[in-house]
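> fold the following and give me the result.
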Amino acid sequence: MTLLQSDWTYPATAAACALLGSVFDVKSRRIPNFITFPSMLLGLSMHLAFGGWKQFSSALAAGLICGAVFLLFYIAGGMGAGDVKLMAAVGCIAGMPHVSYLLVLTALSGGVMAVALALARGQFRQTVMNVGALATHHSHEGLQPHPDLNLSNQATLRLPYALAIAGGSLLTLYFQI
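Prediction:
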């Protein structure tokens, strides 16, 4: 097995993509398409080159799964489209064997970061109350965005979620090594 085909190549490349996206997300609160779409193509191309059409198809499925999970949060008003595209790109790069790690570790990273941000801003109690309000709202209204607690409300506490995607990607890499 060559260096380019080692077990950590895909998660390392996915982590690099997520880190790049997080730099833009922190600075501008946007993740540009010139990062996400070429990253998807890079991941799919790597899988095709090193594993053929079967691995390409598997990587495409991984990107679709990751993107679909995050699309639900976008539809519900809790996440930006750039986060959805970045997670799809990271999934395409990392490939199917890493999807469960990516999704779980990204969610855990996001939760830890959200708690830290709420504590740092002195809004932990309000954040917990908001989570309860969101759970109640979505249990009755499905994926319909909450009228007040959504991304269009500039007063809500906001986390550049690409940081959580980067955290989940780095943890996925860590557990691969």
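
> list the buried residues in the helix or strand of the chain with the lowest mean pLDDT.
Counting by mean pLDDT, DSSP states H and E, the chain has its least confident helix or strand at helix 124-141, which shows a mean of 90. Taking 16 or more other CB atoms under 10 Å as the basis for neighbour counts, the residues of helix 124-141 that come out buried are 124, 127, 130, 134, 137-138. (Each C-beta comes from the backbone N, C-alpha and C, glycine too.)

> buried stuff in the following helix or strand past that helix?
Along the chain past helix 124-141, the next helix or strand (assigned with DSSP states H and E) turns out to be helix 162-176. Burial within helix 162-176, assessed by neighbour count using 16+ other CB under 10 Å, is assigned to 162-173, 176.

> just send these back as CSV, with pLDDT and distance to residue 45 too.
Listed next are the buried residues of helix 162-176 as CSV, based on pLDDT from 0 to 100; distance: CB to CB, whole Å:
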residue, pLDDT, distance to residue 45
162, 98, 22
163, 98, 27
164, 98, 26
165, 98, 21
166, 98, 22
167, 98, 26
168, 98, 23
169, 97, 19
170, 97, 23
171, 97, 25
172, 95, 20
173, 93, 20
176, 84, 21
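
> and those residues as JSON lines, adding distance to residue 92?
Conversion of the buried residues of helix 162-176 to JSON lines gives the following (distance: CB to CB, whole Å):
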{"residue": "162", "distance to residue 92": "16"}
{"residue": "163", "distance to residue 92": "20"}
{"residue": "164", "distance to residue 92": "18"}
{"residue": "165", "distance to residue 92": "13"}
{"residue": "166", "distance to residue 92": "16"}
{"residue": "167", "distance to residue 92": "19"}
{"residue": "168", "distance to residue 92": "15"}
{"residue": "169", "distance to residue 92": "12"}
{"residue": "170", "distance to residue 92": "18"}
{"residue": "171", "distance to residue 92": "19"}
{"residue": "172", "distance to residue 92": "14"}
{"residue": "173", "distance to residue 92": "16"}
{"residue": "176", "distance to residue 92": "17"}
